[in-house]
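Enquirer: How does the following fold in three dimensions:
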Amino acid sequence: MVVSGCNWKEKINVFYSGPLMSGRNYFLLREHLVESDRLILFCNNKIVVQGENFLWRYEQLIENLPANTEFLIVDHKDKQFVAASTDQDISVKLAAELKSLRSLLFKESDKDFAIAGKASQILDWYRGHRFCGACGAATVQHISQRALCCPSCNDQYFPRINPCAIVLVTKGREVLLARSARFRSGFFSCLAGFIEVGESAEETVLREVKEESGLIVHNIRYIKSQSWPFPSQLMLGFHADYKSGEIVPEPGEIDEAAFYDIDDMPVVPSPKISVAGELIEIYANQVRNGLI
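Expert: Predicted structure coming up:
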């Protein structure tokens, strides 16, 4: 998100170019860290994990962090964590390993994944806005908000999300499941796609289902949403009924798609992690309980 209208000359105190005199900003320096901090460390865009744990105590990291490490506050519900990022791989020093964020999907802990996902999104935003997209000047940190500001043309850059529609298409006891051609996870899931300029979420559902499977759906209804950090999305979950057509997977997007009975499905995402898994579980339970 970009916001204009902050006058640099009149409101110079809004911007941050050094340590705060007191308190903690969304942007931290090493000297702002305290012993009670819990850190999430990323090296070269991968998360540093020791066994099943990715939350690090201050004393575990502080002596090993390179001088160029950057620190950003991650507020999650009623707690605060610190996202730390460096381009130097220090996993060996920590007796740890580098993993992709997607690998945490298999831990089946929605709390853990949500914290790591939010940290990844904030760091990704910060890396991508070092310079103003309008005039090219280096940005500076806002003193009280999670924002980067341009001192030249006064634009402000806040973290943004990309809205996507994800839909479970059903036909009686059967659900439409597809395997992505781009992500080799082995999972089958619901169809999904980014909402395009000028579209409503419901229009996106109609278009994406048609493009990816060749099917026509109707009776589209919203179920729930989920934040999804790949890279920074808001998934809007829908349920739709099959209307007509034959399945024709979209080349390059879908490797395989078919209708499956709710009691004979391939491997699908966990409902503890993914809104796709929730959509599938909700419908399967409704059918089994005779509600549909």
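Enquirer: Could you pull out the helices in the stretch 51-200 of the chain for me?
Expert: 58-61, 110-127 (DSSP state H, counting those that start in this stretch).
Enquirer: mean pLDDT for those: which is lowest?
Expert: Of all the helices of the stretch 51-200 of the chain, mean pLDDT reaches its minimum on helix 110-127 (a mean of 88).
Enquirer: hang on, the earlier thing: tell me which of the helices of the stretch 51-200 of the chain sits most buried.
Expert: helix 110-127 (a mean of 20; mean count of other Cβ atoms under 10 Å). C-beta: built from backbone N, CA, C; applies to glycine.
Enquirer: that older thread, quick one, which of the helices of the stretch 51-200 of the chain gets closest to residue 249.
Expert: Across those, residue 249 has its closest neighbour in helix 110-127 (28.5 Å, Cβ to Cβ).
Enquirer: quick revisit: any chance of the helices of the stretch 51-200 of the chain in CSV, with distance to residue 186 too?
Expert: CSV is the format used below for these (distance: least, Cβ to Cβ, whole Å):
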stretch, distance to residue 186
helix 58-61, 34
helix 110-127, 18
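Enquirer: Which among those helices is found nearest to residue 48?
Expert: Going by Cβ to Cβ, the one of the helices of the stretch 51-200 of the chain nearest residue 48 is helix 58-61, 9.0 Å.
Enquirer: what comes into contact with the closest one?
Expert: 33-39, 41, 84, 94 (Cβ atoms under 8 Å, 6 or more residues apart in numbering).
Enquirer: of those residues, buried ones?
Expert: By neighbour count, with 16 or more other Cβ atoms under 10 Å, those hold 33, 37, 39, 41, 84, 94 as buried.
Enquirer: Reformat these as a markdown table; add pLDDT.
Expert: Formatted as a markdown table, those follow (pLDDT from 0 to 100):
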| residue | pLDDT |
| --- | --- |
| 33 | 94 |
| 37 | 95 |
| 39 | 97 |
| 41 | 97 |
| 84 | 97 |
| 94 | 95 |
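Enquirer: Closest one of these to residue 77?
Expert: Among those, and counting by Cβ to Cβ, the member closest to residue 77 is residue 37, at 16.7 Å.
Enquirer: Which residues are in contact with the closest one?
Expert: For residue 37, the contacting residues are 57-58, 81-82, by Cβ under 8 Å, 6+ apart.
Enquirer: got any ranges where the chain has weak pLDDT?
Expert: Within the chain, the ranges that satisfy pLDDT under 70 run 1-23, 106-111, 184-185.
Enquirer: residue contacts, the residue nearest the centre of it?
Expert: Centroid-nearest residue in the chain: residue 229, 1.1 Å away (criterion: Cα atoms, centre = their mean). Counting by Cβ under 8 Å, 6+ apart, residue 229 touches 101, 116-118, 120-121.
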